[in-house]
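Peer 1: Pasted the sequence and its predicted model underneath.
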Amino acid sequence: MNLLAVHNVSVRYHDRTVVDHVDFTVDRGDVVAIIGPNGSGKTTLLKAVLGVVTPSEGAVHWHGSPRIGYVPQRVDLERGFPMTVEELLLLKLTDRPFWRHDRATHGRVSAELARVGADKLIEKRVSELSGGELQRVLIAFALVDRPDVLCLDEPSSGIDVEGEETIYNLIHRLAEQDKLTVLLVSHDLDIVFKYATKVICINRKLMCAGVPSRVLTPEMIQRAYSGASTYKHEHGPRSSHAH
Amino acid sequence: MPTELSIFLSSGFLLRALLAAVLVGFVTANLGVFVVLRKMAFFSDAIAHASLTGIALGLLFGIHPILGAVAFSVLVAVGIVFLQKRSTIAIDTVIGVFSSAAIALGVLLLSYLPGYRADLFGYLFGDILAVSRNDLIVLGGVAVGSALLVGWSFRAWLGIAFDGDLAKISGVRVQRMEYLFLLTLALVVALGIKLVGTVLIGSLIVIPAAAAKNVAPNVRSLFGFAVLFGVSSGVLGLLAAYALDVAAGPAIVVTATGIFGLSFLLKR
């Protein structure tokens, strides 16, 4: 039995088809990369899978009721949003009011952050974190309630190349430790070949699905990215290169 | 000055005004925090402007004007959200259209009222000195109700302010909580009309919270600072209005702006 079955899903925004009749399945323990050129509907497809966007056609079926953690590509915070990293995690960790948490809860927040190497950030404001720090904190936030599935949307966006490698290593380690099923949107084929057990390639429509080394042939990549003359791989301000 | 202060405190209507300023300052500051964190300052202004049309409709049809204000504000808020979700028009354009239209429609409808209406200026710029014992009871009830609502919705609204999608995936019923927020905002707007009027109530919601954000190191203290600034603006503004013999509503908003200026200088 598949953990996730996406049947013929289409998503339309104001008469514009963003995702067009996409089918795929995910098994427990898979590390699935959703790839495609810019504007190909990757993020929308992930949001349809998460139930944030309602498909205009087709259906998404989760087997059982797995707990799902989500790491968005970015958070659009008001500048100077004063929430600290600790307060963000407290939103999920406890039902008690913010001003009534004790030493033990503080310790739990610290332990959750330590799992992703971010325990030193506990007192920092979320709005003051660098791209890499924010990704770690968001991963810790996603993992607080011990999900079965971790979904990440471009976890390396806004991070330099070295930071990107570290983030993917972290995701890989956590996935193994917690026996997570991972769905991640990515634009980086190197990362896909290195970490993913399955790839879903879309350009509005499904282009291919399967084991990366089998389905991602040069011809397939050329076909999927046709129209996107260069396959831009954008990082933070310090780096930018093209594939 | 001590004699003047004792006269101030011994006169019933001034004391009621002071209590009203404290209540409204407390409630607007609490809700204002979410308005500021969610970048909805312009939106809350539009809701405040819409309340003028609601008041006019109330007066025309013999309904309590404050009830009319709440109902029409909610209607406009829902209209803005609906158009934002169902069209490609930018949100600031949608709000701009609704905000201007609401003020214009309100003034047009008010011109249909027979005879001279002395209380219209009060609806526009507040008439805190006219707060009656009954008004105070209603203010107190709405203040307690909205404070409980803010306490109950705190986590959900904060989660939505951080990231709506994350909140939804974490189990928050985002749409329901959004509408509850709009309803509370409309209630608080109506609550503040008596104090500073429809034209200035938006400022009283936004300014204390914005000042608090300048100095608060975390969310816990953000609410404390916002309430402190909201209540201080109300009390100091009212005392200043009494001392300088000027309109109380604008004096309260100018005081709040002064506090904002100071907080900006102390900004973290």
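Peer 2: Cool, the structure landed. Numbers count the residues shown, from 1 in each chain, chains lettered A, B, ... in the order given.
Peer 1: Could you identify the helix or strand that succeeds the strand or helix carrying B:Val144?
Peer 2: Element membership of B:Val144, judged by DSSP states H and E, is helix B:133-162. Sequence-wise, the next helix or strand downstream of helix B:133-162 (DSSP H and E) is helix B:164-169.
Peer 1: distance between the helix or strand following that next one and the chain's centre?
Peer 2: Downstream of helix B:164-169, the first helix or strand assigned by DSSP H and E is helix B:174-215. Taking Cα atoms, centre = their mean, to the nearest Å, one finds helix B:174-215 lying 4 Å from the centre of the chain it belongs to.
Peer 1: Against which helices or strands is helix B:174-215 packed?
Peer 2: Packing partners of helix B:174-215 (3 or more Cβ pairs under 8 Å, 6 or more residues apart in numbering or on different chains; DSSP states H and E): helix B:12-37, helix B:41-61, helix B:65-86, helix B:120-125, helix B:133-162, helix B:164-169, helix B:219-244, helix B:248-265. Every residue, glycine included, has its C-beta placed from N, CA and C.
Peer 1: quick one, that helix and helix B:248-265 angle?
Peer 2: Using axes from the mean of the first three to the mean of the last three Cα atoms, to 10 degrees, one finds that helix B:174-215 and helix B:248-265 are set 70 degrees apart in direction.
Peer 1: Run through the residues of chain B sitting next to chain A.
Peer 2: Contact residues (Cβ under 8 Å from any Cβ of the partner chain) of chain B with chain A: B:36-39, B:87-88, B:151, B:154-155, B:158-159, B:161-163, B:165-166, B:168-170, B:213-214, B:216-222.
Peer 1: Got a ChimeraX select line for the buried ones in the residues you listed?
Peer 2: Buried residues among these (16 or more other Cβ atoms under 10 Å in any protein chain shown), as a ChimeraX selection:
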select /B:36,37,38,154,155,158,159,161,162,163,165,166,168,169,170,213,214,216,219,220,222
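Peer 1: is it possible to export the helices and strands packed on helix B:174-215 to a markdown table including mean pLDDT?
Peer 2: Output for the helices and strands packed on helix B:174-215, formatted as a markdown table (pLDDT from 0 to 100):
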| stretch | mean pLDDT |
| --- | --- |
| helix B:12-37 | 89 |
| helix B:41-61 | 88 |
| helix B:65-86 | 85 |
| helix B:120-125 | 79 |
| helix B:133-162 | 87 |
| helix B:164-169 | 92 |
| helix B:219-244 | 93 |
| helix B:248-265 | 94 |
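Peer 1: where do the helices sit along chain A?
Peer 2: Here chain A has its helices, by DSSP state H, at A:42-50, A:85-93, A:103-115, A:131-143, A:161-178, A:189-195, A:212-215, A:218-224.
Peer 1: So which of those helices is nearest B:Gly237?
Peer 2: helix A:85-93 (31.6 Å; Cβ to Cβ).
Peer 1: contacts for that closest one?
Peer 2: A:98, A:101, A:105-106, A:108-109, A:112-113, A:118, A:121-126, A:129, A:137, A:140-141, A:144-145, B:155, B:158-159, B:162, B:170, B:218-220 (Cβ atoms under 8 Å, 6 or more residues apart in numbering or on different chains).
Peer 1: just stretch B:102-122 next, same as before
Peer 2: Against stretch B:102-122 from outside (Cβ under 8 Å, 6+ apart): B:46, B:49-50, B:52-57, B:59-60, B:72, B:76, B:127, B:130, B:194, B:197-198.
Peer 1: run the last query once more with 6 Å
Peer 2: Outside of stretch B:102-122, the residues within contact range by Cβ atoms under 6 Å, 6 or more residues apart in numbering or on different chains are B:49-50, B:52-53, B:56, B:59, B:76.
Peer 1: can you check stretch B:224-233 too?
Peer 2: B:22, B:25-26, B:28-29, B:33, B:208-209, B:211-212, B:215-216, B:252, B:255-256, B:259.
Peer 1: can you rerun that using 8 Å?
Peer 2: B:21-22, B:24-26, B:28-30, B:32-33, B:204, B:207-209, B:211-212, B:215-216, B:252-253, B:255-256, B:259-260, B:263.
Peer 1: mind checking how far that stretch is from the chain centre?
Peer 2: That offset, for stretch B:224-233, works out to 14 Å (Cα atoms, centre = their mean).
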